[in-house]
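> Got a predicted structure here, sequence first:
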Amino acid sequence: MADRNPYVILGIPFGAGREEANLAFARRARPLRRLGAEGRDRMTELTWALNQIDEAIKEPDTVLWLYRIPHDPAVLAPSGPGEFAPKPRPMARRSGDSGPGLDAVQRAAAREHLRHLVLDRAGRTAIPAP
Amino acid sequence: MADDPGRWCRACGTTAGDGAGNCAECGVDLAAPAAGDTRIGQVVVLPGLFLTRTGIVVAATGDTLSVLGKGDQPNSVGAAEFARMRPVDVPGPAVIGEAGRLWAASHAAGTGAVKASWNDARLKTYADDLAGRDLGRRRAAAADAIALGRQFWLPQAKLTETELCWYQARQAALRGDLGQMMAWLAKLPTGRYAVRIPLLLSHTAGLLADTGLAAHAAAQLTPFEDTHPDARALRHLLDPDAGADLIHLTVAYAATSGVPKAVAAAERIRDRRRIPIEPHAGPNTRALDAYFAGLNGTNLDQYAGLLTELPEALLDDLVDAHALTKVDADGTARGAYLRCRLHPGRVTPDELAAAGFTAEQARRHYLARDTDALDALDGADPAVGHYRALLAFVRDRDRGQADDLWPQTRALVDLIDGGGEVPEQLAADRSAWPLLRDAALQGRITVPEHVSAAHPDFAAWYGLCRLTRLVYDGDWEGTVRLARAIGRATRGGPLADEVASLVAYAKWQLGDHDGALAALDTGPAARFRAGLTLNASVIAAEKGSAAAQEPLARLAREAPDQRLRNGALIKALGLWIADDAVTEYPPELAALVHGRLADRIDDDDFFLDLLKFSANNDASWVAATPAIRATGGNQADMVRYFQTRCRILEEHRPETFSDLAEVLSQIWRRDPRPEWQARERDWFADLLLDLVHRDFGEAAGLAGVIEILLDGGVLEPRERLILSMQAGGHLAMGLGDDQDLRPESEKRFLFDPAYEFLRVRDEFPEPVREALAEELGRCLGVAAFAVGNAMSRAVDNLGDQYNEIVERRSWDRSNDYSLSRIQLELLDHMQTVVDRMRAYQVLLVQFPLDGPMNEIPDMLRGQADALAGQIDMLRRDF
């Protein structure tokens, strides 16, 4: 049998953290109490695996001596949009009726046009005779 | 009309009706200011016999003109002659009437602007006379008096106060003094003097620039707006709060312009249609036109600059109409709001805060699993409550806040927690799969046939989870069997790769290394997948370094993670070092190392590992290559040190141990000192310790190297003492028959370290102290023995010289004195030898000596005593 793999022994994905390892340890250790000597051996193995994850593997991403299951973390935890990974939703409109705003811009545009007309007329108007 | 000077009453300001005559309102004559005879007041050059002078026409009767030249009597000049005279320009403000022209000339002569020798008093008399002849002339004279600053004359004009105010206002307008103009106009009766309308109109730009003046002008125009379009338009332009229907007013005024484009623009503004944009169009006009364009289907993404005047509601209209689909960040709250509405995923946190888009902030904090940031948001926002509840569930399966979830999400949460058969809703939502992972791996869920059929991707993923569970359970045969069954469903891609990886693991566990590697399919021709290649390297490593080299080399070249690339290379090197079956440094590994060292490496430790490995296993390459790329001073020191270390191994190179000691000493003085130097110092010191522990005399050549290290302060106390005294011992034993140890070498390599040891010996722990004392004693004893022989030869030589001098003194009486001095010097030299012998003897007795060495102190003492006695005797005899 090839090298022991603490993640496989605990039944957790490669790179799982201490918390997940602890939970897996508890889950796998529970039924061993009924197995006697075989259970003790298995418990020793689980303890070793937990210790490896606690102490020996500081940066899983750089570990080269362990077989990785899964080989790609995204395989077992695929990403995709949905209720638990929501895509951004556009902000709701916060303004109300645009009528008053349109009226204001229309008036402002009319005023700009009037200004142009008056200035044009002014440019052609001389100071009157006395 | 108001601007028709002949038809309004200047006295009271009313419009006079249809003709000249008198005002119907006040009865005053409507006569306009009269220019009179335009020849009067003209300044001309009068011809003279010898001199010319200027004259001015003061009266005219038919073709005869009275020209006032020199003195106070005018001369008569015919019209024809007058026409030949050269006119003279009179500077000053424009004037209207005869009197005004005379007053202007008088003023110009007074200031010297016109050279004249006429009698000025006489000239003014003419002017006053002309000014008062009739109403038209008085009016002209009044306007001219104001223009010329002769207000004191105005009472003589006998005009109404308001008429004079009008002339004052007009003159102020001519000067450009709008403040004065408005002040005089304010004195005119309200609703009269409509002539003020063109006066104000002509100064529209100036009035618009001053809100105070604009307000006054608007007030003056108000009474005229019903009858004068210009007054109405100008008033509403000057007073934004005038309250009229500006849009229809503009349309009506445009109609008076007679310009079709102007009329069309006004009508389109009124009708809310696209507006023909002229260069003079203002920002609101352009924004309004862009708004209409957007609502009509034009994309405005490239025209955001036109929209700055639009209020938020209109921008929202454009967003809703998809006329705006993207906006660049501009640092404004409004820009942030638009970006939040259009593409919230690309908005920065600052923009989210500026726009108050709490829902998106909450979503991001949720995705980042940042509980603290979520808690910091306003909980009153339903989105915040939703994401807090969702995070609690996703992270801890905590459903305590589930009531805050949005209904659709709440339904999925309930399904996830239900276990058992996976419903379609969950299978259809990929974001839910990770939440089902543990249940799938532990066999707590199943997937009904119809769900598998409807969602094959989910079925494949679930199959992979089942396969993984078999691996976790150690069911290797079952893994291989199930993999065959689900392999077709994975249809290539990452899932198929993972199936292959699980099968490979199972086969490996069953002892089938080759089958495992074949399942992984990571050969050179295969597409690179970091995880699979890494797994292949783990299996291959059990077959030896050669088998692991290929996958590790691929990882070292192609892995996306720099740390993984570096680690793979180091592992490949380590496997080769540990593999006794492969003795030669594999060229493929060497090429990888060479390639990495030629590239920039930011990690100093990794750089050192590769360089040191190469120095130990590929020294000739390190010694020769210029291709190692050092990044920073520390790496440059590493290259210098290791290249020197490698070069001293090559006989054809000039570098020696001294060069290496020199480099080491220089780097040793760096502050801070690089950590790697301590290891290299240890290596070098151990090497020297190894080299000096051979027959005394053979390592005398290392004394220079040791001296460099001593000077550099590189060595530890124990190393320093041993290497120093070993160098002394080797130097002493390497002496030729006629050689002696140089005093400075004797001091540095023997006496100084020996005394230092005696001084600090208690600082060394017992076993070290004892071993050190024995070694140093051995070095000192050997040196004393060798030096003792040299001293004996020296004493013999001195004795021979002394005897020769004694014999010569017996016959050479003429040089007796100088010979006696030489005798004394020889005795002094002998005494020096005695002192050296005693120095060695005194030191030696303080060190443990083995075997024959034990006799050296006594031997030295005996020789020293004998020689000293002989010297005493000779001195006495002398």
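Yep, that arrived. Numbers count the residues shown, from 1 in each chain, chains lettered A, B, ... in the order given.
> For stretch B:422-439, list every residue counted as buried.
By neighbour count on 16 or more other Cβ atoms under 10 Å in any protein chain shown, the buried set for stretch B:422-439 is B:422-423, B:426-427, B:429-439. Glycine gets a C-beta too; all of them are placed from N, C-alpha and C.
> just these: which has the poorest pLDDT?
Lowest pLDDT within these is found at B:Asp438 (88).
> In which helix or strand does that one reside?
Using DSSP states H and E, B:Asp438 sits in helix B:433-441.
> and that helix, what other elements does it pack with?
Helices and strands touching helix B:433-441, by 3 or more Cβ pairs under 8 Å, 6 or more residues apart in numbering or on different chains; DSSP states H and E, are helix A:73-76, helix B:456-472.
> now, the most widely separated pair of the buried residues of stretch B:422-439?
The distance between the two most remote of the buried residues of stretch B:422-439 (Cβ to Cβ) is 17.8 Å, for B:Pro423 and B:Asp438.
> Nearest spatial neighbour of residue 43, chain-adjacent residues omitted?
Unless you meant another one, I'm taking chain A. Of all residues not flanking A:Met43 in the chain, A:Leu32 sits nearest, at 5.3 Å (Cβ to Cβ, 6 or more residues apart in numbering or on different chains).
> try chain B instead
Spatial nearest neighbour of B:Val43, excluding adjacent residues (Cβ to Cβ, 6+ apart): B:Val88 at 4.1 Å.
> give me every residue that touches the one you found.
Counting by Cβ atoms under 8 Å, 6 or more residues apart in numbering or on different chains, B:Val88 touches B:43-45, B:54, B:114.
> give me phi/psi at it?
phi -120, psi 130 (degrees, to the nearest 10).
> Which SSE is immediately downstream of the top helix by length along chain B?
Longest among the helix segments of chain B by residue count, using DSSP state H, is helix B:766-809. Using DSSP H and E, the helix or strand that follows helix B:766-809 in sequence is helix B:816-844.
> name the helices or strands packed onto that following helix?
The contact analysis (3+ Cβ pairs under 8 Å, 6+ apart) places helix B:816-844 against helix B:766-809, helix B:855-877.
> Could you say which one of those helices comes nearest to chain A?
Between chain A and those, the tightest spacing by Cβ to the nearest Cβ is seen for helix B:766-809, at 35.1 Å.
> Tell me the helices and strands packed up against that closest one.
Counting by 3+ Cβ pairs under 8 Å, 6+ apart, the packing neighbours recorded for helix B:766-809 are helix B:717-733, helix B:752-760, helix B:816-844, helix B:855-877.
> Report the separation between B:His280 and A:Glu112.
The spacing between B:His280 and A:Glu112, counted by Cβ to Cβ, to the nearest Å, is 9 Å.
> more neighbours, the two?
Taking B:His280 and A:Glu112 together and counting by other Cβ atoms under 10 Å in any protein chain shown, A:Glu112 has the greater number of neighbours (22 against 12).
> Now do the contacts for that one.
Counting by Cβ under 8 Å, 6+ apart, A:Glu112 makes contact with B:281-285.
> Who wins on neighbours among these?
The most crowded member of the contacts of A:Glu112, judged by other Cβ under 10 Å, is B:Thr285 (27 neighbours).
> Could you single out the nearest of the contacts of A:Glu112 to B:Gln841?
Among the contacts of A:Glu112, B:Pro283 lies closest to B:Gln841 (Cβ to Cβ), at 108.7 Å.
> Do I have it right that the closest one meets B:Glu309?
Yes. Here B:Pro283 reaches B:Glu309: they are 4.8 Å apart, a contact under Cβ atoms under 8 Å.
> now do the same end-to-end measure for stretch B:427-447.
Stretch B:427-447 has its terminal residues 9 Å apart, counting by Cα to Cα, to the nearest Å.
> Kindly report the same for stretch B:391-407.
This stretch, stretch B:391-407, spans 16 Å end to end (Cα to Cα).
> Show the backbone phi and psi for A:Ala85.
Residue torsions, per degrees, to the nearest 10, at A:Ala85 are phi -140, psi 70.
> Could you list which residues are in contact with it?
Contact analysis of A:Ala85 by Cβ under 8 Å, 6+ apart lists A:79, B:367, B:430-431.
> now for those residues, which pair is the farthest apart?
Using Cβ to Cβ, the pair of the contacts of A:Ala85 lying farthest apart is B:Leu367 and B:Arg430, separated by 14.6 Å.
> biggest helix in chain A, by residue count?
Secondary structure of chain A per DSSP H: the longest helix is helix A:99-123.
> Can you list the buried residues in that one?
For helix A:99-123, burial by neighbour count (16+ other Cβ under 10 Å) applies to A:101-102, A:104-118, A:121-122.
> quick one: B:Ala623 from B:Ser614, how far?
10 Å.
> The worst-scoring helix or strand of chain B on mean pLDDT and chain A, are they touching?
Of all helical and strand segments in chain B, the minimum by mean pLDDT, DSSP states H and E falls on helix B:476-490, at a mean of 86. No. For helix B:476-490, no contact with chain A is found by Cβ under 8 Å from any Cβ of the partner chain; the gap never falls below 9.3 Å.
> and the angle for that helix with helix B:456-472?
170 degrees (axes from the mean of the first three to the mean of the last three Cα atoms, to 10 degrees).
> and the helix or strand that helix B:476-490 is followed by, which residues are buried?
Sequence-wise, the next helix or strand downstream of helix B:476-490 (DSSP H and E) is helix B:493-509. Applying a neighbour-count criterion of 16+ other Cβ under 10 Å, one finds B:494-509 buried in helix B:493-509.
> Quick one: residues in contact with stretch B:355-372.
For stretch B:355-372, the external contacting residues (Cβ under 8 Å, 6+ apart) are A:85-86, A:88-89, A:91, B:333, B:336-337, B:339-340, B:344, B:347, B:349, B:352-353, B:373-374, B:377-378, B:381, B:383-384, B:386-388, B:390-391, B:394-395.
> So what's the model's average confidence on that stretch?
96.
> Pull the distance from that stretch to the chain's centre.
28 Å (Cα atoms, centre = their mean, to the nearest Å).
> Ends of that stretch, what's the gap?
The first residue of stretch B:355-372 is 21 Å away from its last residue (Cα to Cα).
> Now it: buried residues?
By neighbour count on 16+ other Cβ under 10 Å, the buried set for stretch B:355-372 is B:355-366.
> what do you get for stretch B:42-53?
Taking 16+ other Cβ under 10 Å as the criterion, stretch B:42-53 shows B:42-44, B:46 as buried.
> Quick check: phi and psi at B:Val43.
phi -100, psi 130.
> can you pull the contacts of the residue of the stretch 451-600 of chain B found nearest chain A?
Closest contact between the stretch 451-600 of chain B and chain A, by Cβ to the nearest Cβ, is at B:Gly531 (2.9 Å). Listed by Cβ under 8 Å, 6+ apart, the contact set of B:Gly531 reads A:68, A:70-72, B:497, B:501.
> Please repeat the previous calculation with a cut-off of 10 Å.
Shown in contact with B:Gly531 (Cβ atoms under 10 Å, 6 or more residues apart in numbering or on different chains): A:14, A:67-73, A:75, B:494, B:497-498, B:501, B:520, B:522, B:559.
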